[in-house]
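Trainee: next input, structure requested:
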Amino acid sequence: MSDAGALFFDCLHPVRLTIDQIVEYVQRSFPNVVYDFNWGERALFYNPNRQLPKGIYFLTFKESDGANDHASKIGAGEFRLNVGISKRAFIERFGTVPDRPSAGCIVNSDHDFTQSNIVTPHPVYGWMCWIAVKNPSPETLNELKPLLAESYQLATEKFKKRVASAARKAAQPVIPPDLAPEAVQDL
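Mentor: Predicted coordinates for the structure are as follows:
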């Protein structure tokens, strides 16, 4: 193939990132992010000092279709990057937040979830303001960097609330059933 032919081929098939490259960027850019596997997917959680069992989802990677999430038609060697963003950012990008789909269904959207390197609502969790991109390129990751920063900020805020809630629950005395107010009134 001539050099011109190779250039044409590269333009039609942009270089895509690997999961490991994205994980490296995220862990280098955002402190206290933990890489783990959950529900058969790789995920990054915000979880300083592993204070919570899992932490707060920051982003996930889907490497194959599943029974309830098969709209992307993820093939061998492919993956989909999923990121939770704010409702404001989601609406700015897509115009509206889709309704929650029925179990086993996808969100109502005109987007083609099978296309590579195109940012779309998440096919299942778009109603929760998650976005997705199948086989992202370095350029697409650069486009997503402000949304990754926002997602990280949202995760830190949710983490603080969850830790505070757990601390409040732990501080509440546990009253044995035989000493509950109802039991005392019966005496």
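
Trainee: drop to CA atoms for contacts and neighbour counts, all remaining ones
Mentor: Will do.

Trainee: do a quick rundown of the strands in this protein.
Mentor: Shown for the chain, the strands assigned by DSSP state E span residues 33-38, 41-46, 56-62, 80-84, 119-121, 130-134.

Trainee: for those strands, which one sits closest to Leu148?
Mentor: Closest to Leu148 of these is strand 80-84 (Cα to Cα; 7.2 Å).

Trainee: what comes into contact with that closest one?
Mentor: 58-63, 72, 74, 122, 128-136, 148, 151 (Cα atoms under 8 Å, 6 or more residues apart in numbering).

Trainee: quick check: Ser109 touching Asp99?
Mentor: No: counting by Cα atoms under 8 Å, no contact exists between Ser109 and Asp99, whose distance comes to 9.8 Å.

Trainee: how near is Val124 to Ile91?
Mentor: 17 Å (Cα to Cα, to the nearest Å).

Trainee: again but with Lys54, I slipped
Mentor: 28 Å.

Trainee: between the two, which one's more packed in?
Mentor: Lys54 (16 against 13; other Cα atoms under 10 Å).

Trainee: stretch 82-98 - what's its average pLDDT?
Mentor: Average pLDDT, stretch 82-98: 97.

Trainee: ditto for stretch 140-156
Mentor: For stretch 140-156, mean pLDDT rounds to 97.

Trainee: give the buried residues for that stretch.
Mentor: Neighbour-count burial for stretch 140-156 flags 140-141, 144, 147-156 (criterion: 16 or more other Cα atoms under 10 Å).

Trainee: cool, stretch 28-36 as well?
Mentor: 32-35.

Trainee: bridging residues for Phe45?
Mentor: Beta-bridge pairing of Phe45 under DSSP bridges involves Val34, Tyr57.

Trainee: can you count the residues close to it?
Mentor: With other Cα under 10 Å as criterion, Phe45 counts 23.

Trainee: go ahead and confirm it touches Phe37.
Mentor: No: counting by Cα under 8 Å, Phe45 does not reach Phe37; the two are 10.0 Å apart.

Trainee: sorry, back to before: any chance of the strands of the chain in a markdown table, plus distance to Arg162?
Mentor: Converted to a markdown table, the strands of the chain look like this (distance: least, Cα to Cα, whole Å):
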| stretch | distance to Arg162 |
| --- | --- |
| strand 33-38 | 16 |
| strand 41-46 | 12 |
| strand 56-62 | 9 |
| strand 80-84 | 17 |
| strand 119-121 | 26 |
| strand 130-134 | 20 |
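
Trainee: which one, of the ones you listed, ends up nearest to Gly95?
Mentor: Shortest distance between Gly95 and these, using Cα to Cα, is found for strand 119-121: 10.9 Å.

Trainee: what packs against the helix ranked longest in the chain?
Mentor: In terms of residue count, the longest helix belonging to the chain (DSSP state H) is helix 138-171. With contacts defined as 3 or more Cα pairs under 8 Å, 6 or more residues apart in numbering; DSSP states H and E, helix 138-171 has these neighbours: strand 41-46, strand 56-62, strand 80-84.
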